[in-house]
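Colleague: Whatever this is, show me its structure:
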Amino acid sequence: MDIDLNSVFDRWSLFISLYLSEQIRQRLDSTVKHACVILTLAAFILAVTHMNIHRLAPESEIYGPGIKSVFSIIALAPYLSIPLAILNCMGLLFYNPFLKKKVHPQKSFAPSICFRIVTRGDTPEFVIQNATYNRDLCLAFGLKHFIVEIVSDKPLNCQEKNRIREIVVPKSYRTKNGSLYKARALNYCLESHVNLLARTDWIVHLDEETLLTEASLSGILHFVTEGKGDIGQGPISYANGKKIENWITTLADSLRLSIDYALFRFQLAFLHRPVFGFKGSYIVIRNKVEMEVGLDNGPDGIAATMETIAVYWGLFTLKSNEFFVVQKESPTASKRESHIKVV
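Modeller: Numbering: from 1, shown residues only. Prediction:
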């Protein structure tokens with residue numbers, strides 16, 4: 001007796017749509033996808049284990065004990081990544097990356113938020129365009145107390161003044177410990193004659209190519225109003241809904257999103273500390289923490305980004321159980337204008 005699988009599938013889909021609520025359907029859908037990820041992960045681990053279980057180093061009688069020892073060390077080198085691989089697996093196992101938790105933060109009671117963008121000023125039109133987009137999105141979202149700050153090494157001559165503030169770092173400005181580049185620019189924002197924020201205000205650090213989304217704004221508001229931590233961070237997607245200029249670089253950068261949902265989510269949601277790393281963008285931090293810790297840690301090791309400052313920030317309470325994605329386009333070699341990240 002033949003069974004029409006399409007008919008069975010259609011009836012099952014009709015049953016689900018009729019008898020299950022939208023919330024239950026979304027949860028079931030995310031659970032099924034999460035289960036597929038776990039099964040794929042298990043199959044990959046079993047396959048790799050099976051392939052390597054009989055892989056032996058060259059026999060000593062053929063190459064000699066010295067050469068055999070060298071080959072044995074080389075064969076063991078890939079296994080140095082096992083600890084991070086295990087933690088990545090734990091992040092995927094314990095936290096469902098497909099489950100989208102809806103939150104409804106109180107916008108009218110939200111604290112003041114500063115979206116701070118740091119740039120060298122080489123592409124002023126591009127930076128102003130993205131800053132204006134983020135400003136307009138915040139206004140359309142209903143955010144009351146916010147400002148978009150553009151911190152640049154060169155004047156941008158931004159004509160947009162409504163909720164947008166341009167800060168030009170003087171060429172003569174030097175920090176006490178000689179910090180450079182991004183750390184220097186951010187430290188300038190903490191100077192008493194520049195910093196207009198209260199200690200209880202919040203700062204969202206963004207790159208010049210970063211675009212906010214309504215989901216990321218909901219997540220940021222939920223985090224800052226929940227009051228469970230002083231520092232938070234979420235994942236960044238690449239070319240989400242945007243035209244992709246370079247598929248190779250976009251796909252390469254997309255690997256970083258898997259690390260966001262696996263390793264970084266595990267360390268922030270479970271360990272509450274940036275033990276294994278910290279991105280230099282999409283950081284939500286209370287202003288008082290940044291003022292107390294400071295960003296002037298010298299030119300060695302922190303010249304370009306804020307990742308190593310996470311070591312200092314780790315001394316404070318760090319929690320980010322909610323993940324709300326921002327978007328970011330992958331860099332290409334030919335077009336600076338295509339570098340869009342979406343948060």
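
Colleague: can you pull out the helices in the stretch 201-343 of the chain?
Modeller: Listed in chain order, the helices of the stretch 201-343 of the chain (DSSP state H, counting those that start in this stretch) span 214-226, 247-259, 265-266, 287-293, 310-313.

Colleague: Go through those helices and find the least confident stretch.
Modeller: Mean pLDDT across the helices of the stretch 201-343 of the chain is lowest at helix 310-313; the value there is a mean of 43.

Colleague: hmm, back to that, out of the helices of the stretch 201-343 of the chain, which is closest to V37?
Modeller: Nearest of those to V37, taken as C-beta to C-beta: helix 247-259 at 10.0 Å. For the C-beta atoms, the positions are set from N, CA and C on the backbone; glycine is no exception.

Colleague: out of the helices of the stretch 201-343 of the chain, nearest to V168?
Modeller: Of the helices of the stretch 201-343 of the chain, nearest to V168 by C-beta to C-beta is helix 287-293, at 20.1 Å.

Colleague: I'd like to know which elements that closest one is packed against.
Modeller: In terms of contacts (3 or more C-beta pairs under 8 Å, 6 or more residues apart in numbering; DSSP states H and E), helix 287-293 is packed against strand 202-207, helix 310-313.

Colleague: ok, which stretches of the stretch 51-200 of the chain are strands?
Modeller: With DSSP state E, counting those that start in this stretch, the ranges of strands along the stretch 51-200 of the chain come out as 113-119, 146-152, 164-168.

Colleague: on that earlier part again, now the helices of the stretch 201-343 of the chain in TSV, please, with extra columns for mean neighbour count and distance to Y188.
Modeller: TSV is the format used below for the helices of the stretch 201-343 of the chain (neighbours: other C-beta atoms under 10 Å; distance: least, C-beta to C-beta, whole Å):
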stretch	mean neighbour count	distance to Y188
helix 214-226	21	24
helix 247-259	15	29
helix 265-266	22	32
helix 287-293	18	13
helix 310-313	17	18
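
Colleague: follow-up on the earlier one: just say which of the strands of the stretch 51-200 of the chain is most tucked in.
Modeller: strand 113-119 (a mean of 24; mean count of other C-beta atoms under 10 Å).

Colleague: Please convert the strands of the stretch 51-200 of the chain to CSV, extending it with mean pLDDT.
Modeller: Below are the strands of the stretch 51-200 of the chain laid out as CSV (pLDDT from 0 to 100):
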stretch, mean pLDDT
strand 113-119, 94
strand 146-152, 94
strand 164-168, 93
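
Colleague: Could you save the ones you listed as TSV and add columns showing distance to R135?
Modeller: Formatted as TSV, these follow (distance: least, C-beta to C-beta, whole Å):
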stretch	distance to R135
strand 113-119	8
strand 146-152	5
strand 164-168	6
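
Colleague: shaky segments in the chain?
Modeller: The chain contains residues with pLDDT under 70 at 1-23, 25, 48-64, 68, 75, 103, 239-243, 300-343.

Colleague: re the thing from before, G142 is nearest to which of the helices of the stretch 201-343 of the chain?
Modeller: helix 214-226 (9.2 Å).

Colleague: Which neighbouring elements make contact with the closest one?
Modeller: helix 124-141, strand 202-207, strand 283-286.

Colleague: how far out from the middle of the chain is it?
Modeller: 14 Å (C-alpha atoms, centre = their mean, to the nearest Å).
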